[in-house]
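Trainee: Any chance you can model this:
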Amino acid sequence: MPWRKKPAALAAITPAVVLIQANDTVTNTYLSSKCTQLSSAKAEWLANSGRSKWPQRCSIKGCGLPPTVGGHVYLNGDTQTFWLIPICDHHNAEDRKGVVQRKVKARTKAVQDVTMTCACILDQLSRLRIK
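Mentor: Below is the predicted model:
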């Protein structure tokens, strides 16, 4: 069940921001659509990346399309943390067909999506019912 208002415990968490290096890879987390989102991934990236403008090009190496979404990705195979990077619709949709690791443009800022991570865990826990 989506929350109408972000819980205070989540509002107090400051997300980590990492600068992706030349050899880093990402894997789109297409399962993120099953978790409760508290806000737009694009808005979360803009609010926490330290950048005032949305990038003009997709973060995937070799792609020149404009990014339209904040894609939820795993960084370098670590499946414990959701990260947000600006990606185009093509790469966001294409990666939903299966697990695809991609190289990312160097110096791309990835923002940890703590609201997605915490919300997803709480949502899954709330579905457990002891009878």
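
Trainee: Which parts of this structure are helices?
Mentor: 8-11, 41-48, 89-94, 114-126 (DSSP state H).

Trainee: Least reliable of these by average pLDDT, please.
Mentor: The minimum mean pLDDT among the helices of the chain belongs to helix 8-11 (a mean of 52).

Trainee: neighbouring contacts of stretch 104-115?
Mentor: Contacts of stretch 104-115 with the rest of the structure, by C-beta atoms under 8 Å, 6 or more residues apart in numbering, involve 6, 10, 13, 15-22, 24-26, 37-39, 41, 44-45, 48-51, 57, 59-61, 72-73, 75, 81-86. To be clear about C-beta, it is placed using only N, CA and C from the backbone, and glycine gets the same treatment.

Trainee: buried residues in that stretch?
Mentor: Residues of stretch 104-115 classed as buried: 104, 105, 108, 109, 110, 111, 112, 113, 114, 115 (neighbour count, 16 or more other C-beta atoms under 10 Å).

Trainee: which two of the residues you listed lie the greatest distance from each other?
Mentor: Greatest spatial distance among those (C-beta to C-beta): 105 and 115, at 25.0 Å.

Trainee: Many thanks, I have nothing further to ask.
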